[in-house]
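# Next one to model:
(2 chains)
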Amino acid sequence: MPHPRLPGRLSACAARHRPWCLAIGGSATTAGAIACQWPVFGHSPLFATLNVVVALAFVLTAAMLNGEESLGSVTAALVLGGLLWPLSWTSSWDAGPSALVSTFAYTHFWVCLGWGVLRYPAGRLQNNGERVLLGSAVLVIPLANLGLIGIGRPEWFGYSGHPDLWWYGKPIGHGAFDTVVWILDSVTLVLAVAFLLVVRGRLRRYSELDRRVFRPVALALLLAFVLAATVNFFVYNPSDGDIGPEFVVISLTLLAIPLAFAAAVLRRVFVRARIAQLLATLPTPPDVRAVRAALQAALHDGSAEIHLWLPGEDHHVDADGAVRPPPPSGAPELVMAVRTAAGAPLAVITAAPAMRRNRDLVEAAVRASAMALENAQLHATVAAQLDAVRASRARLVEAGLHERRRLERDLHDGAQQRLLALATRLGLARTKATDPDTISAIEAAREDLRHALADLRSLARGIHPAVLSQGGLLPALEVVTAALPVEVELDIPAARFEAVLEAGAYYTICEALTNTVKHAGASRARVAVRHDGDVVRIDVTDDGKGGATAVEGGGLAGLIDRVRALDGALVIVSPSGGGTRLTASIPC
Amino acid sequence: MRVAIADDSTLFREGLAMLLTAAGAEVVAQAATAEDLIRGLGRSRPDAVILDIRMPPTYTDEGLVAAERIRAQHRAIAVLVLSTYAETPYALRLLGDGSGGLGYLLKDRVDDVGALQDALRRVIDGRLVLDEEIVAGLLAHRRRADELARLTPRERTVLAHMAEGRSNQGIGARLHLAPKTVENHIAGVFSKLGMPASADDNRRVLAVLTWLRNAAEAGEPGAVTGTPAGASFGITPGTRSTSGSGHRSDLSPFG
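Residues are numbered from 1 along each chain as shown, chains lettered A, B, ... in the order given. Below you'll find the model as predicted:
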């Protein structure tokens, strides 16, 4: 095993000088590949050219993809494969060490591919099962095949048996040899199937994203493996004889492997581009739910979640707004903290444990979404504050109403009843009195008391009309409008509303009518109250001179405030000379 | 005269009881809630009960509910409701079907035992009694101002007394007028205002109230609810509704 840093340095150097690397690697591979299978050009020039192309595809793809983070572990295997494949065709020379070199190269080529795939994308084998599989493959394919030379004759391998051909060992009987070959081929097929199962298991464990990226590679490899193992049953390995069409198919399939790796890289590039694109199309203002949907779609991870930090509330909420603390750093999920541009905590993004392999993509997504999240955080913070303000305003309105009712009740039960009891005493005194002076004094006191009671009554009614709590808007407004100098038509449902709403509507209508009486010069007015779904609509119209505008501190401005305190909205339409229409919509 | 009183203010209740006793009435029962009063009615057998409107437990309209129950269960017992506020809707709800024996007065009236006794006597006689403040409010309303302006001051006073539930005789006594004169005034009022005359005093009260409460124009049906039942005139809501679109499809060119 070389120094672990050495491949890294080599690959970094190659990535720096990529054009040189491509030019030199390409020329050298072409030259080498042509040299290795020179005799083949004589009888099968097309097939020889195809092999040159295969070797070039391996080497050039490796050079192109070198430095691509997700493929770092495969480039070495690709380069090696690109060298071994033409070397395996040195068998065509049929002289010297060609048989040994070819057998060595051909068998190692397949092992090398398997090794490369098993290392993808983590850069190492993942468990003992995979190690055992690779070990068995090395033992069975290259070693057994080299051993096979020792017990066979060159002719059995398809060589001419030229004395120049290097050979070793002592041949056994041809029948026994065929049996051994058959057994080895079967074991090879079993290994290919085992490899298929391992790759399938990996695909299952992968995240959806990895699956999408890895699937083309896996398919191309499996096809090549199964094909090669099957072909093994019929032909031993490359030889100088006729090159069967099965080898053309294998070569074509091999061509698909570097292309599949390139496709995998392209897929990741697409994913990254998609992340940028998805996050660029977020709505404004972005809500966390939209950011989460974009993240999940971009990462192909339906479990990705955003835990947005709310600085005012001191807790995290998920995209649905529910309080949800992020998982601890030791959790199986991929956990990533996001900070604002100013460095303040912004959010924690979690993804499925399988996404750990794609940390770079998740990071890209997190970076791209930071701005949107920061906006969303601001938005959520403001919304939360607004909710709090609304809630406290509602409480204030309610407390105000409560206080008014309490005051009115205190007046009613206290001062009013006392004065009324006093009235009974005066009445009693009046029946007992005979002296004219006393009688006139009692009459005067009675008169004063009547005034006092009337004053107190109008005071209590102004604080909170009892008839409103008791009978609702309609009777309360009937009482009010009866005393007004304009004719008021009431179109009000007898149904009751919530006390706060009733009180708010009551005072709103009273103020609107007061304005009508004071400023509009109207002869008629109309009050309509409609329960419209979840809104109560109040219309106060008059036939006055119109031209009403809300000025700071004026009656209409007060009205607008009153309606807003109930979370409602007030619209005033008052064309000059065309009457005034006031429309308040209050949610209920 | 046997009287029972229900009012949650002890001070007022005692004062009223004392006043009525001094005036010669017999206060046969006192209660702080309408429920207690109604339970004891079988024993106390009053000629009239005096009810506060706001009483426990809800302090809303217990008095009105109790009045309806008492009138339904004890036909012989008259009910006079006393209220801190002069609320027209309540008064009209109370006078209801015009069967009489009911009255609605402002609590302030307790300073005049004569008026109180008069009201009690009238409800016991099966008449309707309405507080002058409510009638004054109705008369002051703009919606009938033009028509009311056609009445003489004397006729207006007579109209008010009619609305308060007084008989011809009672009106004559109040205004020191001969019965014949009162009748003339009443006839004047009815013809000037275009109201159908009614021989029954209680019906007359309701007719006057209905007339006062109805808007001058006929274009506002249903604008005000609480119109006493049994009123013999007025605009009937619904008569203006035009035939619906039920037959429209027959006219459709696509039919």
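# what residues does the stretch 1-150 of chain B put near chain A?
B:9, B:11-12, B:14-16, B:18-19, B:22-23, B:54, B:59-61, B:84-85, B:87-90, B:107-108, B:110-113, B:116, B:137-138, B:140-143 (C-beta under 8 Å from any C-beta of the partner chain). All C-beta atoms are positioned from the backbone trio N, CA, C, and that covers glycine.
# ok, of those residues, which come out buried?
With neighbours counted by 16 or more other C-beta atoms under 10 Å in any protein chain shown, the residues of the stretch 1-150 of chain B next to chain A contain buried members at B:9, B:12, B:14-16, B:18-19, B:23, B:54, B:59-61, B:84-85, B:87-90, B:107-108, B:110-113, B:116, B:137-138, B:141-143.
# quick one: low-confidence ranges for the stretch 101-250 of chain A?
When residues are selected by pLDDT under 70, those of the stretch 101-250 of chain A lie in A:121-123, A:232-244.
# Which residue, neighbours along the chain excluded, lies closest to the residue in it that chain B sits nearest to?
Shortest the stretch 101-250 of chain A-to-chain B distance, computed as C-beta to the nearest C-beta: residue-wise this is A:E208, at 54.2 Å. Nearest residue to A:E208, sequence neighbours excluded (C-beta to C-beta, 6 or more residues apart in numbering or on different chains): A:H300, at 3.9 Å.
# Near B:E62, how many other residues are there?
The number of residues packed near B:E62 is 22, by other C-beta atoms under 10 Å in any protein chain shown.
# Also the one 4 residues further on?
Around B:A66 sit 23 other residues, with neighbours defined as other C-beta under 10 Å.
# got it, and A:V563?
Counted with other C-beta under 10 Å, A:V563 comes out at 23.
# coming back round to it: what's the separation between the residue nearest to A:E208 and chain B?
When distance is defined by C-beta to the nearest C-beta, to the nearest Å, A:H300 is 53 Å away from chain B.
# check contacts around A:R526.
A:V488, A:E489, A:D491, A:D539, A:V540, A:T541, A:D542 (C-beta atoms under 8 Å, 6 or more residues apart in numbering or on different chains).
# ok, now A:L87?
A:G32, A:C36, A:V101, A:S102, A:F104, A:A105.
# Same question for B:V123.
Residues near B:V123 by C-beta under 8 Å, 6+ apart: B:A48, B:A78, B:V79, B:L80, B:G100, B:G101, B:L102, B:G103, B:V129.
# Just the mean pLDDT for stretch A:425-433, thanks.
Averaging pLDDT along stretch A:425-433 gives 93.
# Give me the buried positions along it.
A:R425, A:L426, A:G427, A:L428, A:A429, A:R430, A:T431.
# May I ask you to confirm that the fourth one is in contact with B:A17?
Read that as A:L428. No: using C-beta atoms under 8 Å, A:L428 makes no contact with B:A17, being 10.5 Å away.
# And the helices in the stretch 101-250 of chain B?
B:113-124, B:132-140, B:145-148, B:153-163, B:168-175, B:179-193, B:201-213, B:248-251 (DSSP state H, counting those that start in this stretch).
# what residues does the fifth one touch?
Here helix B:168-175 makes contact (C-beta under 8 Å, 6+ apart) with B:122, B:154, B:157-158, B:161-162, B:166, B:177-179, B:181-183, B:186.
# switch to 6 Å and redo it
B:V158, B:H161, B:P179, B:V182 (C-beta atoms under 6 Å, 6 or more residues apart in numbering or on different chains).
# one step back: may I see the helices of the stretch 101-250 of chain B organised as a markdown table, with distance to A:V181 added?
Formatted as a markdown table, the helices of the stretch 101-250 of chain B follow (distance: least, C-beta to C-beta, whole Å):
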| stretch | distance to A:V181 |
| --- | --- |
| helix B:113-124 | 127 |
| helix B:132-140 | 120 |
| helix B:145-148 | 124 |
| helix B:153-163 | 126 |
| helix B:168-175 | 136 |
| helix B:179-193 | 128 |
| helix B:201-213 | 117 |
| helix B:248-251 | 91 |
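# Deepest-packed of these, please.
The highest average neighbour count among the helices of the stretch 101-250 of chain B, using mean count of other C-beta atoms under 10 Å in any protein chain shown, belongs to helix B:201-213 at a mean of 23.
# Could you find the closest non-adjacent residue to A:A264?
Spatial nearest neighbour of A:A264, excluding adjacent residues (C-beta to C-beta, 6+ apart): A:V213 at 4.8 Å.
# I'd like the secondary structure assignment at A:P326, please.
Under DSSP: H, G, I helix; E, B strand; the rest coil, the three-state class of A:P326 is coil.
# Run the chain-centre distance for whichever strand or helix holds A:A276.
Under the criterion of DSSP states H and E, A:A276 resides in helix A:245-280. Distance, stretch centre to chain centre, for helix A:245-280: 26 Å (C-alpha atoms, centre = their mean, to the nearest Å).
# helices or strands next to it in the packing?
helix A:45-65, helix A:208-234, helix A:288-299, helix A:359-411 (3 or more C-beta pairs under 6 Å, 6 or more residues apart in numbering or on different chains; DSSP states H and E).
# what angle separates it from helix A:359-411?
Put simply, helix A:245-280 runs at 30 degrees to helix A:359-411, going by axes from the mean of the first three to the mean of the last three C-alpha atoms, to 10 degrees.
# Pull out the buried positions in helix A:245-280.
A:247, A:250-251, A:253-258, A:260-265, A:267-268, A:271-272, A:274-275, A:278-279.
# Ends of stretch B:90-101, what's the gap?
16 Å (C-alpha to C-alpha, to the nearest Å).
# Isn't A:A569 up against A:S585?
Yes: contact criterion C-beta atoms under 6 Å: A:A569 and A:S585 qualify, at 5.3 Å.
# And the helices of the stretch 101-250 of chain B: which comes nearest A:A294?
Closest to A:A294 of the helices of the stretch 101-250 of chain B is helix B:248-251 (C-beta to C-beta; 51.2 Å).
# for the record, mean pLDDT for the closest one?
On average, helix B:248-251 scores 32.
# With stretch A:555-569 instead?
89.
# distance between it and the chain's centre?
For stretch A:555-569, the distance to the chain centre is 41 Å (C-alpha atoms, centre = their mean).
# how about that stretch: buried residues?
A:G555, A:L556, A:L559, A:I560, A:R562, A:V563, A:A565, A:L566, A:G568.
# Save these as TSV, and put in secondary structure and distance to chain B too.
As requested, the buried residues of stretch A:555-569 are exported to TSV (DSSP: H, G, I helix; E, B strand; the rest coil; distance: C-beta to the nearest C-beta, whole Å):
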residue	secondary structure	distance to chain B
A:G555	helix	22
A:L556	helix	24
A:L559	helix	24
A:I560	helix	28
A:R562	helix	24
A:V563	helix	24
A:A565	helix	26
A:L566	coil	23
A:G568	coil	25
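# Redo the residues you listed as TSV? Include distance to A:L148.
Below are the buried residues of stretch A:555-569 laid out as TSV (distance: C-beta to C-beta, whole Å):
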residue	distance to A:L148
A:G555	107
A:L556	103
A:L559	102
A:I560	97
A:R562	99
A:V563	96
A:A565	95
A:L566	93
A:G568	92
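# Spell out the secondary structure type for A:S303.
A:S303 ends up coil, using three-state DSSP.
# so what's it closest to, chain neighbours aside?
A:S303's closest residue in space is A:A352 (C-beta to C-beta, 6+ apart), at 4.7 Å.
# ok, now which ones touch the one you found?
A:S207, A:D301, A:S303.
# Could you measure from it over to A:W309?
Going from A:A352 to A:W309 by C-beta to C-beta, to the nearest Å gives 22 Å.
# mind giving me the domain ranges of the chain?
Defaulting to chain A. Following automatic domain parsing, one finds the domains of chain A at A:5-272, A:288-383, A:399-463, A:472-587.
# Chain B, not that one
B:1-130, B:131-230.
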